[in-house]
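Trainee: structure, please.
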Amino acid sequence: MPQLLLLGTTGQVGWELQRCLSTLGELTVANRQPSAGQQYADLADIDSLYRLIRQVKPEVIVNAAAYTAVDKAEEESDLAHVINGTAPGVLAEEAQRLNALLIHYSTDYVFSGEKQTPYVETDPVNPLGAYGESKLAGERAIMDTEATALIFRTAWVYGMRGKNFLLTMQRLARERDELRVVADQWGAPTWSRSIAEATAQVLSQLLAPSMKNTLKNYRGVYHLTCAGETNWHGFAQSIVQHGERQVTVHPITTADYPTPVRRPAYSVLSNEKLTATFGLKLPAWDTALRLCLEK
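Mentor: Okay, the predicted model is just below:
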């Protein structure tokens, strides 16, 4: 069975990936603060990446670790660029050296949000802040190598672990009678488990013996989100409707809720390339949300 190395299982996507990838090969897990049976790897400690990869010699590297604090990245831009920009390039260089496959995750924040139709992979990028800039730097560092790498851009990720919009809305709905949520930013809420399951399905195809000599053909960027679109207000309303306590959710504008970094007003991603290449289509965002809450 192939040797798989997964970085970052304390995050929403990484935790789900650990479950989904375990049937595809011998899985080694690495984290910045590893628990029992895990290896140490910190994307801010580049030497730790070299040591780990040269010890494990994986055939597949899946990087689910990242700096994700969008607003704080303005204050810690150097750290964000090391973790999100420099480290992915190192992973790609090592993958190329080993002739291994690299899977990496990026974000809708590489776009400015000025478009009014779903973004495709070839649309011009123009991040609005340090976080988006650091993730774009990571994409470019990977593609500057000759590694067989797939970059999955995803968006509005949520799950039942960590810090995310779903858990925040559930907490606020328990504490308050009314909520005020931005209604002029549009995207596709994407369940972390949907991302992990799609990744596992892609890998199961790419690891087939018949694919060995054609893997390079699949190198590149792919968009990977749940289908459909909504705004944060619509997302919040759906969360509350599935909750035990019903509260009123009022729509507000971005101007009513200023943040240190501008968010894209429209960052819906087209998944047509993913579907055409691998035959995969993620569920509609509201279907995935219902499944998540039922779990």
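
Trainee: and the helices in the chain?
Mentor: All helices of the chain, identified by DSSP state H, fall at 12-21, 46-56, 77-81, 87-98, 130-143, 165-175, 192-206, 232-241, 272-278, 285-294.

Trainee: so for T214, which of those sits nearest?
Mentor: Of all those, it is helix 192-206 that lies closest to T214, at 9.3 Å by CB to CB. Backbone N, C-alpha and C define where each C-beta goes, glycine included.

Trainee: what's the burial count for A276?
Mentor: The number of residues packed near A276 is 9, by other CB atoms under 10 Å.

Trainee: tabulate the helices of the chain (JSON lines), appending mean pLDDT and distance to R219.
Mentor: Below are the helices of the chain laid out as JSON lines (pLDDT from 0 to 100; distance: least, CB to CB, whole Å):
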{"stretch": "helix 12-21", "mean pLDDT": "96", "distance to R219": "20"}
{"stretch": "helix 46-56", "mean pLDDT": "97", "distance to R219": "19"}
{"stretch": "helix 77-81", "mean pLDDT": "97", "distance to R219": "24"}
{"stretch": "helix 87-98", "mean pLDDT": "98", "distance to R219": "10"}
{"stretch": "helix 130-143", "mean pLDDT": "98", "distance to R219": "8"}
{"stretch": "helix 165-175", "mean pLDDT": "96", "distance to R219": "32"}
{"stretch": "helix 192-206", "mean pLDDT": "97", "distance to R219": "11"}
{"stretch": "helix 232-241", "mean pLDDT": "97", "distance to R219": "33"}
{"stretch": "helix 272-278", "mean pLDDT": "98", "distance to R219": "11"}
{"stretch": "helix 285-294", "mean pLDDT": "97", "distance to R219": "28"}
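
Trainee: looking at those helices, which is nearest to A183?
Mentor: Taking the helices of the chain one by one with CB to CB, helix 232-241 is closest: 3.7 Å.

Trainee: please export the C-alpha coordinates of that closest one as PDB.
Mentor: Written as PDB, here are the backbone C-alpha positions of helix 232-241 (Å, rounded to 0.1, in the frame of the first residue of the first chain):
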ATOM      1  CA  TRP A 232     -23.800  34.800   5.100                       C
ATOM      2  CA  HIS A 233     -27.300  35.900   6.200                       C
ATOM      3  CA  GLY A 234     -28.900  33.000   4.300                       C
ATOM      4  CA  PHE A 235     -26.300  30.600   5.700                       C
ATOM      5  CA  ALA A 236     -27.100  31.800   9.200                       C
ATOM      6  CA  GLN A 237     -30.800  31.500   8.700                       C
ATOM      7  CA  SER A 238     -30.400  27.900   7.600                       C
ATOM      8  CA  ILE A 239     -28.300  27.100  10.700                       C
ATOM      9  CA  VAL A 240     -30.800  28.700  13.000                       C
ATOM     10  CA  GLN A 241     -33.700  26.900  11.300                       C
END
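
Trainee: how distant is it from the center of its chain?
Mentor: 21 Å (CA atoms, centre = their mean, to the nearest Å).

Trainee: next, the angle helix 165-175 makes with that helix.
Mentor: Counting by axes from the mean of the first three to the mean of the last three CA atoms, to 10 degrees, helix 232-241 lies at 60 degrees to helix 165-175.

Trainee: in helix 232-241, which residues are buried?
Mentor: W232, H233, G234, F235, A236, Q237, S238, I239, V240 (16 or more other CB atoms under 10 Å).

Trainee: to D123, which of the helices of the chain lies closest?
Mentor: helix 272-278 (11.8 Å).

Trainee: which other helices and strands does the closest one contact?
Mentor: With contacts defined as 3 or more CB pairs under 8 Å, 6 or more residues apart in numbering; DSSP states H and E, the packing partners of helix 272-278 are helix 192-206, strand 220-223.
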